[in-house]
Structure formats: structure tokens, C-alpha cells
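Enquirer: Got a predicted structure here, sequence first:
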Amino acid sequence: MTELPFDAIIFDHDGTLVDTERADLETCRILYQEHGVPFSIDYWAKHIVGYMGGYDRVLNDLTSRNGHGPTRARVWERFKELWDITSENVELMPGVMPLLAQLYAAGYPMAVATASDREWVKRWFTRFELWPYFQAIATGDDVVHNKPAPDVYLFAAAQLGVSPECCLVFEDSLPGVAAAKAAGMRVVAVSSPHTKQLDYSTADMIIDTLETVTTAWIETLTL
């Protein structure tokens, strides 16, 4: 068997494997519109998506500080109502299934490292039948410090039994890129039409879609 250039490949979940972020963006857009508060994709990408305090920012933006207007509990309840609607059309990110099949066939151990909780991952892994491809799942439930701290990526590597510096990571958010780099891993930032304006300069490589990734392409990263 040919020696692989990396001992393992680790994927972020939301926005990298599963396109939950399109639903998140639409939910936030509707919610801000309902409350008459200005909102933009740029604002969402820079301050909400991928950040542990992102939804606290949403609640702060949409609740009154003078005792009038909706409570945080009511805004959060409405957020969940909208999410139930927008998430009905969640799909995998382009190129995910062909890439996973190719990496699995090549013999790469794979893991997911996400800031989200384990039940969230189970929901989408079951829906899209992703379980067979992954040997480890690392979530925000498994660590004390979430992204941008490196803990969840280090935990994923430990579960796979590999050294962090021998791992290749695919990430879409700035906190996620920072977490993987802090763990000492090689990082490919995967931008989207919604996040392409972000500064991914700390990543080792930037791509627009996983559709361009192949095992041969991954081999070139070690050159």
C-alpha cells in the first residue's frame, strides 16, 4: 500500500460537510427583518457564523435595553421556529460524498471536529448516512474550551491515535481555522459565496469548494 501524505484528515461539520449555514443565514436574515434591524451577509459571516458567542450577539442585537420590546427568551423561541422551517432544505456541501468515498478508499482515517454538540452531529450524520466514513467524532461536548481553542482538534487526533502535526484539516470558519492551526495541523480553508470576503490568510491553502479536492491534490500539499 502506498504511504499516505497525512496520517488522518479532519473535517469541520457545519459549512464544511453539511450546509447548515445557508439555513442559519436565512433564519438570521428573517429574524433581523422582523425586528427592523439592519442585517447583511458580511455582518453574519464576520460576527455570527462559527463563533461560540454568535447567537448571544443576535439576542443582544434584537432585544431592547430599555425594558421595552421582546425578551431574549421570545427572540430565541422565534429563532428556533424559523430554524425548523429553513433547515428542511439542508443539504451536503458540494463534492462531499465523492470526496469522502475517495478518501475512504485510499485508506485515510477521518474524523469530524466541530464546535456543535454531539446530538446535532448525530442528526445530520444519520440523515445523510455519513457514519461509515468516520472513525471519530469530536464535538463541543467533549472539550472544556471550544473553537478557536485547539482542544476539539487535539481531541479528534487523540481519538484517531495520530499526531496533530500529521493531520490535514478542512474548515470554513475563522474560529475553526484558528483552532486547527493552534493544534499544529495543516489547514485548508473552504470558502463559500457567503464567506469569501473573510480573511483566511492564516490557513495553508484556500479553496472555493471541496469539489476540487482529490487524493492526488492532497499529495501536492506536502511538496
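Expert: That came through, no problem. Numbers count the residues shown, from 1 in each chain.
Enquirer: give me the low-pLDDT residue ranges for the chain?
Expert: Segments of the chain classed as low confidence (criterion: pLDDT under 70) are 1-2, 52, 64-68, 223.
Enquirer: Which segments of it make up each domain?
Expert: Structural domains assigned to the chain are 8-19+91-220, 21-89, following automatic domain parsing.
Enquirer: Tell me how many other residues crowd residue 58.
Expert: 23 (other Cβ atoms under 10 Å). The way it works is simple: take the backbone N, C-alpha and C, and place the C-beta from them, glycine included.
Enquirer: meant to ask about residue 53, not that
Expert: Residue crowding around residue 53 was assessed by other Cβ under 10 Å; the count is 10.
Enquirer: before we move on, the earlier item: most packed of the domains of the chain?
Expert: Among the domains of the chain, domain 8-19+91-220 has the highest mean neighbour count (mean count of other Cβ atoms under 10 Å), at a mean of 19.
Enquirer: From one end of that one to the other, what's the distance?
Expert: Domain 8-19+91-220 has an end-to-end distance of 16 Å (Cα to Cα, to the nearest Å).
Enquirer: and it, how far from the chain's centre?
Expert: In this view, domain 8-19+91-220 has its centroid 7 Å away from the chain centroid, taken as Cα atoms, centre = their mean, to the nearest Å.
Enquirer: The chain: helices as residue ranges?
Expert: If you assign secondary structure with DSSP state H, the helices in the chain sit at 20-34, 41-47, 54-62, 72-86, 96-106, 118-128, 151-160, 174-182, 215-220.
Enquirer: There's contact between residue 191 and residue 172 in this structure, I believe.
Expert: Yes - using Cβ atoms under 8 Å as the test, residue 191 is close enough to residue 172 to be in contact (7.0 Å).
Enquirer: Quick check: closest non-adjacent residue to residue 76.
Expert: With Cβ to Cβ, 6 or more residues apart in numbering as the criterion, residue 76 has its nearest non-adjacent residue at 6.4 Å, and that residue is residue 59.
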